[in-house]
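[1] I need the structure of the sequence given here:
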Amino acid sequence: MDKISFAGLVLGLVAIIGGQVMEGGNVGSLVQPTALLIVLGGTLGAVFLQSPYHILWRGLKMARWVWMPPVIEQQVIIDQILKWSQVSRREGLLVLENHIPAVKDEFTRKGLQLLVDGADPERMRELLEVDINTFEDEWRQSAKIWEAAGGYSPTIGILGAVMGLIHVMENLSDPTKLGAGIAVAFVATIYGVGLANLVYLPIAGKLKYYLSRMVATREMVIDGLVGIAQGDNPRIIEGRLRGYLL
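    From the prediction side, this is the model:
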């Protein structure tokens, strides 16, 4: 579990609620189910309208990365590529075919198969980079649904505020209903801005970070396999691949 994500969310909530208490406000006044329904429902509807189903569904599943980051074992991959490099220098590229079934990652397996098939290094790089570009574009579009939610949420919050004020204006003759309408108006804005800046946009940023590391790892695989295809010394390959490590 990514503890810093949990700590960041808690810290943000504590700061906001703590500020409300320090100003003498009532925490209960921030609890407005109507305002929450307007903001969450409106934002979700806008994101649904914007996104194709497969992009939306993948983006929702990606949210778990905030708490359980994807495993990116760059050092393990480097060790694996160096092993292939040493084996190929001793016994030739064809012997690497025996290693293909043990490779779990589909992208790496495809690259290793191209290497065994004797593909030209530059042609191999070109083919694998097409895969990377497609992968990055599809997954980045999914991550952007959270960025889109961060854009829609404040506007939906303002919409909720206007609706609350309309309700207030309709009940000016009944003072007992004014408080609830004003509360919904202002709390809807708080929900809209708060969810955007404490939840949606931070999630989008973290997802894009992990995606960039996954893309960099695939580029590292390409560099390693191309180095093997060119017959580079394993030490040269290792030095180049270590440049990808953070």
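[2] what about residue 90, distance to residue 221?
    Distance from residue 90 to residue 221, counting by Cβ to Cβ, to the nearest Å: 22 Å. In short, each C-beta sits where N, CA and C put it, glycine included.
[3] these two: who's more crowded?
    Comparing residue 90 with residue 221 by other Cβ atoms under 10 Å, the one with more neighbours is residue 221, at 25 against 8.
[4] could you find the closest non-adjacent residue to the more buried one?
    Spatial nearest neighbour of residue 221, chain neighbours left out: residue 108 (5.3 Å); criterion: Cβ to Cβ, 6 or more residues apart in numbering.
[5] residues near the one you found, how many?
    Residues near residue 108, counting by other Cβ under 10 Å, number 21.
[6] what sits up against the host helix or strand of it?
    Using DSSP states H and E, residue 108 falls within helix 106-116. Identification of contacts with helix 106-116 by Cβ atoms under 8 Å, 6 or more residues apart in numbering yields 77, 84, 93-94, 96-97, 99-100, 103, 124, 127-128, 131-132, 135, 218, 221-222, 225, 228-229.
[7] how does it look with 7 Å?
    Applying Cβ atoms under 7 Å, 6 or more residues apart in numbering, the contact partners of helix 106-116 are 93-94, 96-97, 99-100, 103, 124, 127-128, 131, 218, 221-222, 225, 228-229.
[8] who are the contact partners of the residue positioned nearest the centre of the chain?
    Nearest to the geometric centre of the chain sits residue 207, at 1.6 Å (Cα atoms, centre = their mean). Residues in contact with residue 207 (Cβ under 7 Å, 6+ apart) are 62, 65, 143, 146.
[9] quick one: average pLDDT of the helix or strand where the first one lies?
    Yep, that's residue 62 we're talking about. Using DSSP H and E, residue 62 maps to helix 53-62. The pLDDT scores in helix 53-62 average 93.
[10] kindly report the same for stretch 237-246.
    Mean pLDDT, stretch 237-246: 88.
[11] next one: stretch 14-25
    The pLDDT scores in stretch 14-25 average 77.
[12] okay, it in CSV with CA atoms only?
    Taking Å, rounded to 0.1, in the frame of the first residue of the first chain, the C-alpha atoms of stretch 14-25 are listed here in CSV:
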residue,chain,number,x,y,z
VAL,A,14,-7.6,17.4,8.5
ALA,A,15,-6.4,20.8,7.3
ILE,A,16,-9.7,21.8,5.9
ILE,A,17,-11.8,20.5,8.8
GLY,A,18,-9.3,21.8,11.3
GLY,A,19,-9.5,25.2,9.7
GLN,A,20,-13.3,25.1,9.9
VAL,A,21,-13.2,24.3,13.7
MET,A,22,-10.5,26.9,14.4
GLU,A,23,-12.7,29.5,12.8
GLY,A,24,-15.5,28.5,15.2
GLY,A,25,-17.6,26.8,12.5
